[in-house]
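# please work out how this folds:
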Amino acid sequence: MKNLKFKLVHFIIALLIVAGTVTGISLYSYYGHDNDKIKFANEYFHLEDYKSINSLEQIENYVKLTSDSYAKINDGLSFYDIKSEKEYTATPSDNSKNNINGATYENGILHLPGWFDVVMYAQTSYNTDAEEWSFTYYLYLFNVNYKTADMLDKIYFCFVDGTGESGDTELYGVTKLDLMINEIKDAEYGGPDGTNLPQFSYTGKQASSNPLYIYDNGASGSDVTDEYVPYIYRLTSMTEALSETSDLDDDIESSRWFYELETTTFSIFHSGSNSLTDAITLGTTDELEEIVRGTYTNPYKDAEDFNSKVDNIVVFDGADSSLYDAGFGKYMLWKIILRGLGAFVVSGFVAVLYYLIWQDEEESSNNKTQKKLKPNKK
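Next up, the predicted model:
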């Protein structure tokens, strides 16, 4: 009985070697391996195979990762030609008066031949430092035709409250936007939002990823080659900046967020041969060219209202910048299983080897004991 207990102790020790090694390696693989998270982030952004993924899918992946909830805007959004004031539809525009021939708007995507395609997303995220929600609309520009190398540095966005023409007591809609555009041309207005570069970085305890971007596979132009594919840019719909046209009374100025307005009229424009800052400095703002105008009727009151509308049909749950929520767990599942099996084999071999060595030592010890007890022949 004593010998059996002694063997059982060694067996338990061998078993703990296997279980401890497998558990330790598996947990380390899931929670502590920053390199795995970096590899996942690289694959999520298609760092190696981005040429096989269309730009719109890459935009959707980025929006999903960086939002608590998100929606591609279609309902309530319209774009129209500046000269003819005709709304763009699924039927390509062919009127000779149109500023852009062949333009279409369908399923939330505006196609502007010779310029770019546009898609608008609404996104919410939670700022833990400020302990408040942010609610932002972004216009992503893709399939860009690079007429000049720095064309996207010259694209701007501005918006005003309301649609249609203004009444007698307040400036809004088209009337107000016309005045705002003239102010920009006269270098008296500094509020338009320019393009920015959406990106994502993972920062861990042991390692961090390089900034990851989304690629514009549909871009064209002399600077676009098989070796160089530009990134996708976006316009941020932040605030209606202070302007002399904020009210008929020049002493009253107001600034509101895009999401705070029930209806808006907006413009996407090109600053010409220089960025807007340089154009103002050089006095060449008269080169400003409006590309397209549009209107939007906002059905959401604020971020909380938007989040409450999540139904995975129009408004979707995002990952809120969490790699785990973006699919890291599924990505690691088979890796953990394979590493666990590998750990099981190796630790099992070590445990069996340990057990055999112990058995060998025990048998050797028993043999020596038996020899000492064996009587001498006379």
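# kindly indicate whether the spatially most central residue of the chain is helix, strand or coil.
For the chain, the residue nearest the mean C-alpha position is Y62 (2.5 Å; Cα atoms, centre = their mean). Here Y62 is helix, with the state taken from DSSP: H, G, I helix; E, B strand; the rest coil.
# quick one: the closest residue to it other than its chain neighbours from E131, how far?
Sequence neighbours aside, I214 is the residue nearest to Y62 in space, at 5.1 Å (criterion: Cβ to Cβ, 6 or more residues apart in numbering). No exception for glycine: its C-beta is placed from N, CA and C like everyone else's. Applying Cβ to Cβ, to the nearest Å, the value for I214 to E131 is 30 Å.
# so which of these two has more stuff around it?
Between I214 and E131, counted using other Cβ atoms under 10 Å, the more crowded position is I214 (27 against 7).
# please report phi then psi for the more buried one.
Dihedral pair for I214: phi -110, psi 140, per degrees, to the nearest 10.
# ok, Y121 next?
The phi/psi pair for Y121 (degrees, to the nearest 10) reads phi -120, psi 140.
# quickly list what it is bridged to.
Under the criterion DSSP bridges, Y121 forms beta bridges with K72, Y138.
# that one is in contact with N74, isn't it?
No. Here Y121 does not reach N74: they are 10.8 Å apart, not a contact under Cβ atoms under 8 Å.
# so between the two, which is more surrounded?
Just comparing Y121 and N74: by other Cβ under 10 Å the higher neighbour count belongs to Y121, 21 against 14.
# so how far is G24 from that one?
Noted for Y121: a distance of 42 Å to G24, by Cβ to Cβ.
# mind listing what's buried in stretch 299-314?
Neighbour counts over stretch 299-314 (16 or more other Cβ atoms under 10 Å) mark 300, 303, 306-307, 310 as buried.
# which ones among those residues map onto helices?
Judged by DSSP state H, helices contain the following of those: 303, 306-307.
# what is the nearest of the residues you listed to E85?
Distance ranking of those against E85, using Cβ to Cβ, places F306 first at 30.7 Å.
# and that closest one, what is it in contact with?
Residues in contact with F306 (Cβ atoms under 8 Å, 6 or more residues apart in numbering) are 69, 71, 122, 124, 135, 300, 315.
# now these in JSON lines, with distance to M151 and pLDDT?
As requested, the contacts of F306 are exported to JSON lines (distance: Cβ to Cβ, whole Å; pLDDT from 0 to 100):
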{"residue": "S69", "distance to M151": "32", "pLDDT": "97"}
{"residue": "A71", "distance to M151": "28", "pLDDT": "97"}
{"residue": "A122", "distance to M151": "26", "pLDDT": "96"}
{"residue": "T124", "distance to M151": "30", "pLDDT": "95"}
{"residue": "F135", "distance to M151": "29", "pLDDT": "94"}
{"residue": "Y300", "distance to M151": "32", "pLDDT": "94"}
{"residue": "V315", "distance to M151": "33", "pLDDT": "96"}
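# just send those back as CSV, with distance to E260 too.
Putting those into CSV (distance: Cβ to Cβ, whole Å) gives the following:
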residue, distance to E260
S69, 18
A71, 17
A122, 13
T124, 14
F135, 9
Y300, 10
V315, 18
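# looking at those residues, spot the one nearest W115.
When the contacts of F306 are compared for distance to W115 (Cβ to Cβ), A122 wins out at 23.0 Å.
# the closest one against A71, yeah?
Yes. The pair A122 / A71 is scored as a contact, 5.0 Å apart, by Cβ under 8 Å.
# returning to what we had before: closest to G164 out of the ones in helices among the buried residues of stretch 299-314?
Using Cβ to Cβ, F306 comes nearest to G164 of those, at 25.6 Å.
# E227 in helix, strand or coil?
Here E227 is recorded as coil under three-state DSSP.
# now it: how far from T263?
Noted for E227: a distance of 45 Å to T263, by Cβ to Cβ.
# outline the domain layout of the chain.
The record assigns the chain these domain ranges, following automatic domain parsing: 2-31+332-362, 51-322.
# and the last one, how far apart are its ends?
Spelled out, it's domain 51-322. 25 Å (Cα to Cα, to the nearest Å).
# so V345 belongs to a strand, correct?
No. The assignment for V345, made by three-state DSSP, is helix rather than a strand.
# residues near it, how many?
V345, neighbours per other Cβ under 10 Å, totals 12.
# same question, Y105
For Y105, the count of nearby residues is 23 (other Cβ under 10 Å).
# what sits against it?
Residues near Y105 by Cβ under 8 Å, 6+ apart: 78-79, 87-90, 111.
# quick one: buried ones out of the residues you listed?
Buried subset of these (neighbour count, 16+ other Cβ under 10 Å): 79, 88, 111.
# any idea which element the first one lies in?
Counting by DSSP states H and E, the secondary-structure element that holds F79 is strand 77-80.
# same question, the last one
Secondary structure from DSSP H and E places H111 in strand 109-112.
# elements contacting that strand?
For strand 109-112, the packing partners by 3 or more Cβ pairs under 8 Å, 6 or more residues apart in numbering; DSSP states H and E come out as strand 104-106, strand 116-127, strand 289-297.
# of those strands, which stretch is the most buried?
Compared across these, strand 116-127 shows the largest average neighbour count, a mean of 20 (mean count of other Cβ atoms under 10 Å).
# returning to what we had before: do I have it right that the residue nearest to the centre of the chain meets Y231?
No. Assessed by Cβ under 8 Å, Y62 is found out of contact with Y231, at 10.8 Å.
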